[in-house]
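Engineer: here's a sequence, model it:
(2 chains)
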Protein chains: 2
Amino acid sequence: MSKLLIVGTVAFDAIETPFGKTDKILGGAATYIGLSSARFNIDTGIVSIVGEDFPEEHFNLLTRNGINIDGIEIVKGGKTFFWSGKYHNDLNTRDTLETQLNVLADFYPVVPQKYKDAEFVMLGNLHPLVQLSVLEQISKPTLVVLDTMNFWMDNAWDDLLKVIKRVDVITINDEEARQLTGEHSLVKAARKIAELGPKYVVIKKGEHGALLFNNEQIFFAPALPLEEVFDPTGAGDTFAGGFTGYLAQTGDVSFENMKSAVIYGSGMASFCVEKFGTERMESLGDEEIQSRMKEFKNLTQFDIELSANKAL
Amino acid sequence: MSKLLIVGTVAFDAIETPFGKTDKILGGAATYIGLSSARFNIDTGIVSIVGEDFPEEHFNLLTRNGINIDGIEIVKGGKTFFWSGKYHNDLNTRDTLETQLNVLADFYPVVPQKYKDAEFVMLGNLHPLVQLSVLEQISKPTLVVLDTMNFWMDNAWDDLLKVIKRVDVITINDEEARQLTGEHSLVKAARKIAELGPKYVVIKKGEHGALLFNNEQIFFAPALPLEEVFDPTGAGDTFAGGFTGYLAQTGDVSFENMKSAVIYGSGMASFCVEKFGTERMESLGDEEIQSRMKEFKNLTQFDIELSANKAL
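Structural biologist: Next up, the predicted model:
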């Protein structure tokens, strides 16, 4: 069974959408990535940091969902990372109301011995040097996936370049890809990003799906058109969890299989947005996932006969 | 060989993009729809109206591309419909600089005898009563496709409802679908639109692809990610031409085949944007189309084994 080592935040989120508000609920990139990847037949471990205020019940939720939490450091007297955000009416954009780094300000991740030989590594959105320090503790990964955001492009560019150079897959959203490269065309942006290191570039377009680039090959996975998007928090990380989880389970990192991984990522993300926070991901069953993947097949697969002679 | 009867504008466009400007060039919804549909193995006829200023060379271009122009009325002393637009830097939005209805202000379309039994009808974007008058001259169409825009929703709502009730497929863009129904979710919007008459709803999302709805079934076709979008003028109409052209050629109006039609529409539209105006569509070859459709296959098709027992 392949091992997937995830580094990222485990946090408290306070979320406001047009449909309601929450107080502090479980959140964080590693939480969402892990709840998604642990649905696959793999060994998921998280490296992260929380404060003394992080309740036992949240740890239990993670372990109950098959996630190894040995790598989550608990800081005595410390406070867990906190994020508060408010979504606009169309749920496509949000404002950050508050960010308290708390214990995240002094995070020097230590990868548990068990995961030092992890075949798959997911570097959730964090300071690039923190991501790099994790990578340097893994002996021989088959695939390293990195997620980042514009904040690091603006504030830690040289450090970001250092870690980007070392990864196989970068996931980034379309605005960030454009900002990073100065290109409007996502094809051109992906090509430029690939020059920085990653052989595979995943550009996430939120409700408009995700693009996968490798050399001159492109694959597109739509987001599932939904009746209700209840809370988009964690969708991108859930995507990453499905993507890496599927690759880790199948052990196949060819471009062809990566297409399926992007579809699984999109499928997992479609569950995440159905309820507040992690609620939907906590109780997700195998049959539901299979059923959702069938929906994706029906949504995208078609039958066209191609012949060289005549137009059709 | 099936007949496709198109009603819509045949016009002069003056276009400005970040890449350049044109003077009056050939344009109009019926022009783009026809240049696209005529690539298929069908009999395409246009019903439209132009002024005396419409040059012979444009007529020749249409006929050279296999379009029957018997239904294009030439108004002695009249001036052809003129539209002038300017695209923003990202090419996603445009401003209309000028619209001169000219002969279009007195357009009472007369369907040529030959096309009164057309199996397929494409009602290009026009005043709903003009669209309705064309429909009433066709005896027994297999499939009627209607395109409309927010201008008619705002200014001719009752008339629009009259014609919407009579068609099988409506094509509309996402903003218009939301305006029309008051729903943000495109799934909900499509459901409401279907209640007005059309069994099939195509919601076009520009660079983000197109959705096809029928009862509770959904299909999605992406737009091809491009290095360069040179001029988006006519892309939506080119989509419509590919969609109806493919359906007319295959004579199969099942939902399954309509998926392929949406893919062909998207494929044809991807050519249109490569050059100014109609230029790319004028010289499009069968092999190029086949090659492009192969790109769409590679872009979207994937292989996932589904089993009921286990997650993957």
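Engineer: quick one: pLDDT of the residue in the stretch 151-300 of chain A positioned nearest to chain B?
Structural biologist: Across the stretch 151-300 of chain A, the shortest distance to chain B (C-beta to the nearest C-beta) belongs to residue A:286, at 4.0 Å. Every residue, glycine included, has its C-beta placed from N, CA and C. The pLDDT attached to residue A:286 in the predicted structure is 93.
Engineer: interface residues of the stretch 51-200 of chain A facing chain B?
Structural biologist: If contact is defined as C-beta under 8 Å from any C-beta of the partner chain, the residues of the stretch 51-200 of chain A in contact with chain B are A:89, A:90, A:184, A:185, A:186, A:187, A:188.
Engineer: excluding chain neighbours, what is closest to the last one?
Structural biologist: Read it as residue A:188. residue B:227 (5.8 Å; C-beta to C-beta, 6 or more residues apart in numbering or on different chains).
Engineer: look at the one you found and tell me its secondary structure.
Structural biologist: Using DSSP: H, G, I helix; E, B strand; the rest coil as the criterion, the local structure at residue B:227 reads coil.
Engineer: which stretches in the stretch 201-312 of chain A count as strands?
Structural biologist: Shown for the stretch 201-312 of chain A, the strands assigned by DSSP state E, counting those that start in this stretch span residues A:210-214, A:217-221.
Engineer: how about these in JSON lines, adding distance to residue B:79?
Structural biologist: Supplementary listing: those in JSON lines, determined by distance: least, C-beta to C-beta, whole Å:
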{"stretch": "strand A:210-214", "distance to residue B:79": "45"}
{"stretch": "strand A:217-221", "distance to residue B:79": "44"}
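Engineer: how about the strand or helix carrying residue A:134: buried residues?
Structural biologist: If you go by DSSP states H and E, residue A:134 is part of helix A:128-135. Of all the residues in helix A:128-135, those buried under the rule 16 or more other C-beta atoms under 10 Å in any protein chain shown are A:128, A:130, A:131, A:132, A:133, A:134, A:135.
Engineer: using CSV, lay out the residues you listed together with pLDDT.
Structural biologist: As requested, the buried residues of helix A:128-135 are arranged in CSV below (pLDDT from 0 to 100):
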residue, pLDDT
A:128, 97
A:130, 98
A:131, 98
A:132, 98
A:133, 98
A:134, 98
A:135, 97
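Engineer: circling back: out of the residues of the stretch 51-200 of chain A next to chain B, who's the most crowded?
Structural biologist: In terms of neighbour count, residue A:186 stands highest of these at 23 neighbours, by other C-beta atoms under 10 Å in any protein chain shown.
Engineer: who's in contact with that residue?
Structural biologist: Contacts here follow C-beta atoms under 8 Å, 6 or more residues apart in numbering or on different chains; on that basis residue A:186 touches A:174, A:177, A:178, A:203, A:211, B:225.
Engineer: again with residue A:253
Structural biologist: By C-beta under 8 Å, 6+ apart, residue A:253 lies in contact with A:142, A:143, A:168, A:247.
Engineer: okay, the first one: pLDDT?
Structural biologist: Listed pLDDT for residue A:142 reads 98.
Engineer: residues near it, how many?
Structural biologist: So residue A:142, with other C-beta under 10 Å, has 15 neighbours.
Engineer: need the contact list for it.
Structural biologist: Contacts for residue A:142 (C-beta under 8 Å, 6+ apart) come out as A:2, A:119, A:120, A:251, A:253.
Engineer: of these, select the buried ones using a PyMOL command.
Structural biologist: Isolation of the buried members of the contacts of residue A:142 (16+ other C-beta under 10 Å) is achieved in PyMOL through the command below:
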select buried, chain A and resi 2+119+120+253
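Engineer: and which of the contacts of residue A:142 is nearest residue A:104?
Structural biologist: residue A:120 (23.6 Å; C-beta to C-beta).
Engineer: my guess is that closest one meets residue A:6, correct?
Structural biologist: No - with contact taken as C-beta atoms under 8 Å, residue A:120 and residue A:6 are classed as non-touching, separated by 9.2 Å.
Engineer: you'd agree residue A:7 is up against residue A:126?
Structural biologist: Yes - with contacts defined as C-beta under 8 Å, residue A:7 counts as touching residue A:126 at a distance of 6.7 Å.
Engineer: which parts of stretch A:225-235 are buried?
Structural biologist: For stretch A:225-235, the buried set under the neighbour-count rule, 16+ other C-beta under 10 Å, comprises A:225, A:229, A:230, A:231, A:232, A:233, A:234, A:235.
Engineer: ok, and of these, which contact chain B?
Structural biologist: If you filter these for contact with chain B, counting by C-beta under 8 Å from any C-beta, you are left with A:225, A:229.
Engineer: now, which of the buried residues of stretch A:225-235 lie within helices?
Structural biologist: Using DSSP state H, the members of these that fall in helices are residue A:235.
Engineer: redo the buried residues of stretch A:225-235 as TSV? Include distance to residue B:57.
Structural biologist: As requested, those are exported to TSV (distance: C-beta to C-beta, whole Å):
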residue	distance to residue B:57
A:225	44
A:229	51
A:230	57
A:231	58
A:232	53
A:233	58
A:234	58
A:235	53
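Engineer: format the buried residues of stretch A:225-235 as JSON lines; extra columns: pLDDT.
Structural biologist: Formatted as JSON lines, the entries for those read as follows, by pLDDT from 0 to 100:
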{"residue": "A:225", "pLDDT": "93"}
{"residue": "A:229", "pLDDT": "89"}
{"residue": "A:230", "pLDDT": "91"}
{"residue": "A:231", "pLDDT": "94"}
{"residue": "A:232", "pLDDT": "94"}
{"residue": "A:233", "pLDDT": "96"}
{"residue": "A:234", "pLDDT": "96"}
{"residue": "A:235", "pLDDT": "96"}
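Engineer: what's the closest of the buried residues of stretch A:225-235 to residue B:98?
Structural biologist: Using C-beta to C-beta, the shortest approach to residue B:98 within these belongs to residue A:225, at 36.5 Å.
Engineer: contacting residues around that closest one?
Structural biologist: A:299, B:185, B:186, B:187, B:211, B:218, B:220.
Engineer: cool, residue A:265 as well?
Structural biologist: Contacts for residue A:265 were tallied using C-beta under 8 Å, 6+ apart; they are A:210, A:221, A:238, A:239, A:240, A:241, A:242, A:243, A:246.
Engineer: rerun at 6 Å
Structural biologist: With contacts taken as C-beta atoms under 6 Å, 6 or more residues apart in numbering or on different chains, residue A:265 has the following neighbours: A:239, A:242, A:243.
Engineer: just among the residues you listed, which is most surrounded?
Structural biologist: Note: the member of these with the most neighbours is residue A:243, at 31 neighbours, neighbours being other C-beta under 10 Å.
Engineer: tell me the contacts of it?
Structural biologist: Applying C-beta under 6 Å, 6+ apart, we find residue A:243 in contact with A:261, A:265.
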